[in-house]
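A.B. asks: Generate a structure from the sequence data that follows.
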Amino acid sequence: MLYEYYKTEKLAICFDPSNIYLISDFASDRNTTRILEINCEFDDQYILGHARRIGLISDHNTVETFVKLLPSIKNDLKKEIGSIGDLKLEFAYKIDEKGVVQRNANELSRFAHITVE
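C.D. replies: Okay, here's the model as predicted:
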């Protein structure tokens, strides 16, 4: 339906790794689904902002509350990201913000079917 709506044969869609069932649903469809996992480091301030944006904590919570929740939030992020690998997708690619530039370029090339220059 999305392809018809946008009158295209190709789409790029960003998914939150917490929505693993939607990723799995796309991958099991008759189309060819390529997944590019982008590994990023999240510092505590980013995680705090994320927790606020999704309503996990509010501005009224104390720093102590956040400090107590931080290990659980980090663990959930790792679990969500790991669940993508558990899908064993045929066309799965991965880049890492701290990775070797050439390796990331090669993965992007394979993912997007473009040349590395």
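A.B. asks: State the distance from N19 to D25.
C.D. replies: Applying Cβ to Cβ, to the nearest Å, the value for N19 to D25 is 9 Å. All C-beta spots, glycine's among them, are computed from the backbone N, C-alpha and C.
A.B. asks: likewise I73?
C.D. replies: From I73 over to D25 the distance is 26 Å, taken as Cβ to Cβ.
A.B. asks: Have a look at the two and say which one is more surrounded.
C.D. replies: I73 (19 against 11; other Cβ atoms under 10 Å).
A.B. asks: Report pLDDT for the more buried one.
C.D. replies: With respect to pLDDT, I73 scores 89.
A.B. asks: Would you agree it is in contact with I54?
C.D. replies: No: the criterion here is Cβ atoms under 8 Å, and I73 misses it with I54 at 9.9 Å.
A.B. asks: which element is the spatially most central residue of the chain on?
C.D. replies: Residue closest to the average C-alpha location in the chain (Cα atoms, centre = their mean): P17, at 4.6 Å. Assessed by DSSP states H and E, P17 sits outside every helix and strand.
A.B. asks: Contacts only, for it.
C.D. replies: P17 sits next to 23, 77, 80-81, 83-84 when contact means Cβ atoms under 8 Å, 6 or more residues apart in numbering.
A.B. asks: Kindly report the same for F66.
C.D. replies: 48, 51, 57.
A.B. asks: Quick check, pLDDT for the residue nearest to the last one when sequence neighbours are not counted.
C.D. replies: Pointing back at I57 there. Nearest residue to I57, sequence neighbours excluded (Cβ to Cβ, 6 or more residues apart in numbering): A51, at 4.7 Å. A51 carries a pLDDT score of 86 in this model.
A.B. asks: about what we covered before: of the contacts of P17, which belong to helices?
C.D. replies: Among these, the members found in helices (DSSP state H) are 23, 77, 80-81, 83-84.
A.B. asks: one step back: now, which of the contacts of F66 sits nearest V100?
C.D. replies: Among these, L48 lies closest to V100 (Cβ to Cβ), at 30.2 Å.
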